[in-house]
Each structure stands twice: as structure tokens, then as C-alpha cells.
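Asker: Structure for the following, please:
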Amino acid sequence: MIASAQTGAAATFGRRRLKDRAFTAFLWACGGVALVPLGVIAYYVVRRGLPALSVAFFTKTPAGPLDPSAGGMVQSFIGSGLIVGMACLISIPLGILTAIYLSEYGRGRIADAIRFVAEILLSTPSIVAGLVVSAVVVTAMRSFSAIAGSLAISLLMWPVITRATEEILRLVPQELREGALALGLPRWKVILRIVIPTAGAGILTAMMLAVARGLGETAPILLTALGSDYVNSSPWRPTDAVPLRIYDYARQPLEALQQVAWGGAITLMVGVLVLSIGARVLSARQERRLR
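Answerer: Next up is the predicted model:
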């Protein structure tokens, strides 16, 4: 009887191991199939955009229509840095403070309302954010500007930072908070010195994901910053951005301008890819740290 029981247990274990391996192979196959379109897109963008990359591409402003291939997109890179940089200055502190409130203090209707607003903004089309800022800020200022573009991008970045940071802070073990409180530390010092450093990698991941989303938006920039052919460092004037320049050049009949657009696409793709991979690496490190 014991031998038959052992034989049955071994057979059951063998069937379960076989099912586990089969399901693992199925998941890897699904992942490979999902990567095929991404690989095709990346290959096509690199093949079309690589010839446009040169020193002039990163150092010169757009040239005239007689020789558009001699120009570049330096004003777009500076404009994207200005707009996204100001959006980070607005959305990152606000998002982290909101997440701290929701995870450490938020109870009741106010916290539920904030979460509801964040969830709504997460699913709101980006063009709606651009229309709102255009109707409120651009109309009041009577001018397109980089600050208006950064406010529109902030509306898209803030909910990403808030919701992701809140979930990361909730993963910090409660025992760490209780131990620090038992030693006599006030609540704000526990959050500042214990909770936030423990969740630091996760918070940085949320910030990188938000920047990756804001970096590739076109519609809000078109409705608020408008664009420019010249280098601009003032937040109060119309400013160009990489997605906006790609959109503009892709609609032109000149093949040289379309090639410049492909060059902008490859730089934008590489930037978003680096941010996404970096966020994934930091997220995996945070998971191992909190185990």
C-alpha cells in the first residue's frame, strides 16, 4: 500500500511538473509573439531614421525649403527638455506628496475623491488635457507658451506618479513604521527617513514612467506650445518639441523633411525605451529589496 501511494504521488508530481513546463513554454511563446510587432516597428524606424542622424541634426535649426536636409532639430530637443523639465518640477513634488497623503494619512471621502480624480486623469485622452489648458491658460495669456505645454503634460504625469508611488509606499512593511514609532520618532520623520528611502527605487521608477509618457505626447504640445523654428529658452514664448516636429515634417511632401522626421522618431523611441527599461530594472530591484 505504501509503495502504491508513493507511485501515485510520483505520478501526480510528474504530471504537475509537465503541466508547469508546458504552461511556462506557452507564456514564453506568447511573450515572443507580442515582441514581434515591437521588433518590426523598431527595425523600420531605425532603418528609416538612421540616415538622418548627423552632427547637423543635433546642432542646427531647420534649414530653408531649398535644402531641408542641411538643417536639424536642435530647437526641438531644447524645447522638449524645457517643457518636460518644467512639467517634472510641477508634477513630481505634487505627485509624491499626494501619494504620501493617500498611503499614510488618506482615509474617507477626501482620499477617495483624490484617487477617483487620479484614475480619471489616467484614462483621459491627452488631447483633452491640451484642450483644457488651451482654454484656460493660453486664452488667459493670449499666447502659446512652453509653460502652457508643461501644465498640459503635468496633467498627464501627475496621476501616473501619484498612483504608482502610492502602491509602492503601501509595499513598505508596516513593521518598519511601527518599529520607528516605538522608538519615539514622530510620524513625519518615520515617513521621511524610513518609508521614502525604503521605497526610493520604486518612486524613481514611477517618475521615469511618467517622464516617458510626457516625452512622447504631441496633441497637448500642439494646442499649448504651438511650435517654433527657432531655439527658445523662455517659458513664456511658443516652443518646439520633438513629437511636434515629427508630426509637422511627416505631413510634408518633401522626402528630405520626412527623413528628418524619421530621425526624430528614432531619437524619441530610444529615449522612451531607455526610460522604460530603466524603470523595469529599478522595479525589479525594488521587489527584491522589499521581500
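Asker: can you map out the helices along the stretch 101-250 of the chain?
Answerer: Assigned by DSSP state H, counting those that start in this stretch, the helices in the stretch 101-250 of the chain fall at 109-123, 126-133, 139-141, 146-170, 174-182, 187-190, 196-198, 200-215, 219-224, 242-250.
Asker: Dump the fifth one to PDB, keeping only the CA atoms.
Answerer: Output for helix 174-182, consisting of C-alpha atoms alone and laid out as PDB, is shown next (Å, rounded to 0.1, in the frame of the first residue of the first chain):
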ATOM      1  CA  GLN A 174       4.200  48.000   8.400                       C
ATOM      2  CA  GLU A 175       6.700  46.600  10.900                       C
ATOM      3  CA  LEU A 176       9.200  49.300   9.800                       C
ATOM      4  CA  ARG A 177       6.800  52.100  10.600                       C
ATOM      5  CA  GLU A 178       5.800  50.500  13.900                       C
ATOM      6  CA  GLY A 179       9.400  49.900  15.000                       C
ATOM      7  CA  ALA A 180      10.300  53.500  14.300                       C
ATOM      8  CA  LEU A 181       7.300  54.900  16.000                       C
ATOM      9  CA  ALA A 182       8.000  52.700  19.000                       C
END
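Asker: ends of stretch 237-257, how far apart?
Answerer: In stretch 237-257, first residue to last residue: 25 Å (C-alpha to C-alpha, to the nearest Å).
Asker: How about that stretch, which residues are buried there?
Answerer: 237-249, 256-257 (16 or more other C-beta atoms under 10 Å). Where C-beta positions appear, they are placed from N, C-alpha and C, glycine not excepted.
Asker: closest one to Leu38 among the helices of the stretch 101-250 of the chain?
Answerer: helix 200-215 (14.9 Å; C-beta to C-beta).
Asker: what residues does stretch 118-128 touch?
Answerer: Stretch 118-128 has contacts (C-beta atoms under 8 Å, 6 or more residues apart in numbering) with 98, 129, 152, 155-156, 158-160, 162-163, 217, 219-220, 223.
Asker: and of the residues you listed, the nearest to Arg193?
Answerer: Using C-beta to C-beta, those come closest to Arg193 at Thr98, 20.2 Å.
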